[in-house]
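Trainee: got a predicted model here, sequence first, then my questions.
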Amino acid sequence: MDSDESTESRGLHMLIMEDDENDVLLLKRAFKKLNFEYPMYRVRDGEEGIDYLRGQGRFSNREEFPYPSVILMDLKMPKKSGFEVLKWIKEHPFCKMTPVIVFSSSAQDDDIKRAYELGAGSYFLKPHDFTELLELLTLFRHYWSKAKKPPIAPC
C-alpha cells in the first residue's frame, strides 16, 4: 500500500460480481501488478451477489465474507443480471448506500442510462488492453484512497 493512502482505505472490502473467468483473471493480474492489498471477494452471478449482500447461504459468516465497501459489477451475468442486482440494491435502504461501479462491455446508451437510473455510482467500459486496464484501476485506487465512504451497514 502506498504511503499516501489513508488508514481509512485499508478497510476497503471489494466485491467483484463477474461471471467471465478471463475477465476475473485479468483483473486479478492487474490488481497484483498494482499491489492492491485490499481484500477482494468474487461471485459468479447476480443471484450469488444478492446472497452475498444479504449474508445468506454460504456467505452467512461475515468474518469470512464481510459486507463490501464497494462493488465492481458486470451487467451481463447469469441467473440475475447486473440490472436486477442494481434494482435489488436500490430497494434495500442500507444496501443502497454501497457504492457500485459498473464494469461492462456494453457501450449501449440504454444500458448506461439504465445503470445510472438504478443507482450505479460509475460506469466504465472494460478496456481491451491490459495497459488501459492498469490505468483505469490506478485511477480507481487513488479515488478510493481519498473518497469518504458511507458507513457499512449490511442488508
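Mentor: Now that the structure is in, tell me what you want to look at.
Trainee: which regions of this structure lie under the pLDDT threshold?
Mentor: Low-confidence segments of the chain, defined by pLDDT under 70: 1-11, 145-155.
Trainee: quick one, what contacts the residue nearest the centre of it?
Mentor: Central residue of the chain (CA atoms, centre = their mean): Leu72, 1.7 Å from the mean position. Contacts were defined as CB atoms under 8 Å, 6 or more residues apart in numbering; by that measure Leu72 touches 14-18, 27, 101, 103. (C-beta placed from N, C-alpha, C; glycine too.)
Trainee: show me where the chain has helices.
Mentor: For the chain, the helices defined by DSSP state H occupy 21-33, 46-54, 82-90, 109-117, 130-146.
Trainee: quick one, phi psi at Pro78?
Mentor: Dihedral pair for Pro78: phi -70, psi 170, per degrees, to the nearest 10.
Trainee: how near is it to Gly46?
Mentor: Pro78 sits 8 Å away from Gly46, going by CB to CB, to the nearest Å.
Trainee: again, but for Ser105
Mentor: On the measure of CB to CB, Ser105 and Gly46 end up 16 Å apart.
Trainee: quick one, which of these two is more surrounded?
Mentor: Gly46 (25 against 14; other CB atoms under 10 Å).
Trainee: what's the neighbour count on the nearest residue to that one once chain neighbours are set aside?
Mentor: Spatial nearest neighbour of Gly46, chain neighbours left out: Lys80 (2.9 Å); criterion: CB to CB, 6 or more residues apart in numbering. Neighbour count for Lys80, taken as other CB under 10 Å: 17.
Trainee: Lys80: what's it in contact with?
Mentor: Contact analysis of Lys80 by CB under 8 Å, 6+ apart lists 45-47, 49-50, 88.
Trainee: run the last query once more with 10 Å
Mentor: 17, 45-50, 87-88 (CB atoms under 10 Å, 6 or more residues apart in numbering).
Trainee: let me know the closest of these to Ile112.
Mentor: Set against Ile112, the nearest of those by CB to CB is Lys87 (15.8 Å).
Trainee: residues near the nearest residue to the closest one once chain neighbours are set aside, how many?
Mentor: Among residues not flanking Lys87 along the chain, Leu118 sits closest, at 5.4 Å (CB to CB, 6+ apart). Leu118 sits with 19 neighbouring residues when counted by other CB under 10 Å.
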